[in-house]
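Peer 1: Provided below for reference: sequence and predicted model.
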Amino acid sequence: MLKRSIIFLILIIAAAFISGSFAIYNLKSKSSHHEFMVNNGTWRVNPSMDLKTPKQRALIAIIGLFALRESEVVYFTAVDDSDGNPLSSTHDYILSGSIPEARYWSYTLYGEDDFLIPNEQKLYGYNGNTIQYMPQDSLNPEIHVSGQLSYTIEISSEEKERNWLPSGNNKQLALTLRLYNPSPEVYQNLETIPLPEITRIK
Amino acid sequence: MKRLIIYGLSFILLCIGFYHATIYAIPYYVYGKFHKTMVTQRGLDVNEFSFIMAPDESSRLVVKPNPDFAYASAFFDLSDGPVKLVGSMPDSTYWSIALYKPNTINFYIKNDMQYKSNALDLTLGHQDSDLKVDISSPVIKGFILIRLLIKDRNQTVQDLMMSHLQTLSIDKI
């Protein structure tokens, strides 16, 4: 009887440890993100933030605690460049985009720990008020979106002159594009609206 | 042999059970950890606001903070009945009020354009309360997060935004 109780106790402890570890590993894996998100190029977005399933709640609690419903904000996230390679501070990237259709929008860069990356200049992101737009008359035809102001953001561990996002020393970077009160077209075309390419330049 | 099969099946069932229990418990654990830090390290009481101006690299309480915002947050408690949320918000920038359950579900969100006035005077009560309230909460205890967009990083603007947030309070009715 005692022997059987000990075996069951060991089974319970082993099951708790193995299952708990697997649950956390599974949540942090890319496949879990893909389960709830749709892709738009290298960007991923969660089309429904109602958090009705326990797994979705657990995932958002880990990667974006206190995120808002999609009716208020649409969160696009990129952890890979446009060629599908993980964003890392060992490389430099250039992000080329136009003004998203939203009341307020911002790009924020996070380190592998999902927090803001330390830097002396305290540059963590850009929004419509802080970004420097490219002069209209010198637009690069390749990145110009007709009739719209455009911009480039440089992600690098070394200082850049314009729209620099310091990447510090991180094996994995995550870029978040927030669209507050986006236009109805954004909701209808989450997988196709034009979003910036993230190109590795070094 | 029979015993081995019983042990094996028990182990598999336990694994499935613990897996789902872990997934279910994670939001409560993350929220509980955040709550404990706010209460023990920052001395925050229930129905009392704390403020954060434009998070930076030292802000490590909640993952993926937005550095463009100032935040006012509070743990609400409706055990003693409905409460009143009052304050004076700015009229020149985005702000919003979001309420969360302890399992981190955002059950209420409204922004400045959806309120009739920047002078906040909202009643918050449990959904089973007899009183008619502006915000009906499905939980007795939860979390309020007020976001305020800082359009300009200069000190004068930041001071002005903070002065607005500091007018916020949760009062008994």
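Peer 2: Ah, there it is. Numbers count the residues shown, from 1 in each chain, chains lettered A, B, ... in the order given.
Peer 1: for the chain, longest helix please?
Peer 2: In the absence of a named chain, chain A is used. The helix spanning the most residues in chain A, taking DSSP state H as the definition, is helix A:2-28.
Peer 1: let me rephrase: I mean chain B.
Peer 2: Secondary structure assigned by DSSP H gives helix B:2-40 as the longest helix of chain B.
Peer 1: does chain A sit close to that helix?
Peer 2: Yes: using Cβ under 8 Å from any Cβ of the partner chain, helix B:2-40 reaches chain A at B:7, B:10-11, B:14-24, B:26-27, B:30-31, B:34. Where you see a C-beta, it was placed from the backbone N, CA and C, and this is true even at glycine.
Peer 1: are any of those buried, and which?
Peer 2: Using 16 or more other Cβ atoms under 10 Å in any protein chain shown as the burial test, these include B:11, B:14-15, B:18-19, B:22-23, B:26-27, B:30-31, B:34 as buried.
Peer 1: quick one: those residues as CSV, columns for pLDDT too.
Peer 2: Formatted as CSV, those follow (pLDDT from 0 to 100):
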residue, pLDDT
B:F11, 89
B:L14, 91
B:C15, 92
B:F18, 93
B:Y19, 93
B:T22, 94
B:I23, 93
B:I26, 94
B:P27, 94
B:V30, 94
B:Y31, 95
B:F34, 94
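Peer 1: now the angle from the longest helix of chain A to helix B:2-40?
Peer 2: Compare the direction of helix A:2-28 with that of helix B:2-40 by axes from the mean of the first three to the mean of the last three Cα atoms, to 10 degrees and you get 50 degrees.
Peer 1: distance from helix A:2-28 to the middle of the chain?
Peer 2: Centroid separation for helix A:2-28 versus its chain: 33 Å, with Cα atoms, centre = their mean, to the nearest Å.
Peer 1: packing partners for that helix?
Peer 2: Contacts defined by 3 or more Cβ pairs under 8 Å, 6 or more residues apart in numbering or on different chains; DSSP states H and E place helix A:2-28 against helix A:54-63, helix B:2-40.
Peer 1: one step back: how far off centre is the longest helix of chain B?
Peer 2: Here the centre of helix B:2-40 is set off from its chain's centre by 24 Å, with Cα atoms, centre = their mean.
Peer 1: list of residues touching the helix or strand following that helix?
Peer 2: Per DSSP states H and E, the first helix or strand lying C-terminal to helix B:2-40 is strand B:50-53. The contact list for strand B:50-53, computed with Cβ atoms under 8 Å, 6 or more residues apart in numbering or on different chains, reads B:38, B:42, B:44, B:59, B:70-74, B:150, B:158, B:161-162, B:165-166.
Peer 1: how about the contacts made by A:A67?
Peer 2: Contact analysis of A:A67 by Cβ under 8 Å, 6+ apart lists A:49, A:60, A:73, A:75, B:106.
Peer 1: name the nearest of the residues you listed relative to A:S29.
Peer 2: Nearest to A:S29 among the contacts of A:A67 is A:I60, at 15.3 Å by Cβ to Cβ.
Peer 1: burial measure for that closest one, as a count.
Peer 2: 23 (other Cβ atoms under 10 Å in any protein chain shown).
Peer 1: show the pLDDT at it.
Peer 2: Predicted confidence (pLDDT) for A:I60: 88.
Peer 1: closest to the centroid, which residue in the chain?
Peer 2: If you meant another chain, say so; for now it's chain A. A:T77 (2.3 Å; Cα atoms, centre = their mean).
Peer 1: oops, wrong one, chain B.
Peer 2: Closest-to-mean residue, chain B, Cα atoms, centre = their mean: B:F143 / 3.1 Å.
Peer 1: isn't it right next to B:F75, touching?
Peer 2: Yes: counting by Cβ atoms under 8 Å, B:F143 touches B:F75, with 5.7 Å between them.
Peer 1: okay, strands next: where are they in chain A?
Peer 2: A:38-40, A:43-45, A:73-78, A:93-98, A:102-110, A:125-127, A:150-156, A:164-166, A:174-182, A:197-200 (DSSP state E).
Peer 1: adjacent strands (with direction) for the fourth one?
Peer 2: When you say that, I think you mean strand A:93-98. Paired neighbours of strand A:93-98 in the sheet (DSSP bridges): strand A:150-156 (antiparallel), strand A:197-200 (antiparallel).
Peer 1: got the contact list for the shortest one?
Peer 2: With Cβ under 8 Å, 6+ apart as the contact definition, strand A:197-200 has outside contacts at A:41-42, A:78, A:80-83, A:85, A:87, A:91-96, A:155, A:175.
Peer 1: and with 6 Å instead?
Peer 2: Residues outside strand A:197-200 that contact it (Cβ atoms under 6 Å, 6 or more residues apart in numbering or on different chains) are A:42, A:78, A:81-82, A:91, A:93-96.
Peer 1: centre of the chain to that strand, how far?
Peer 2: With Cα atoms, centre = their mean as the basis, strand A:197-200 stands 14 Å off its chain's centre.
Peer 1: mind exporting the C-alpha coordinates of it to PDB?
Peer 2: C-alpha atoms of strand A:197-200 as PDB (Å, rounded to 0.1, in the frame of the first residue of the first chain):
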ATOM      1  CA  GLU A 197       9.500  45.500 -45.400                       C
ATOM      2  CA  ILE A 198      12.300  44.900 -42.900                       C
ATOM      3  CA  THR A 199      15.400  44.500 -44.900                       C
ATOM      4  CA  ARG A 200      18.800  43.300 -43.600                       C
END
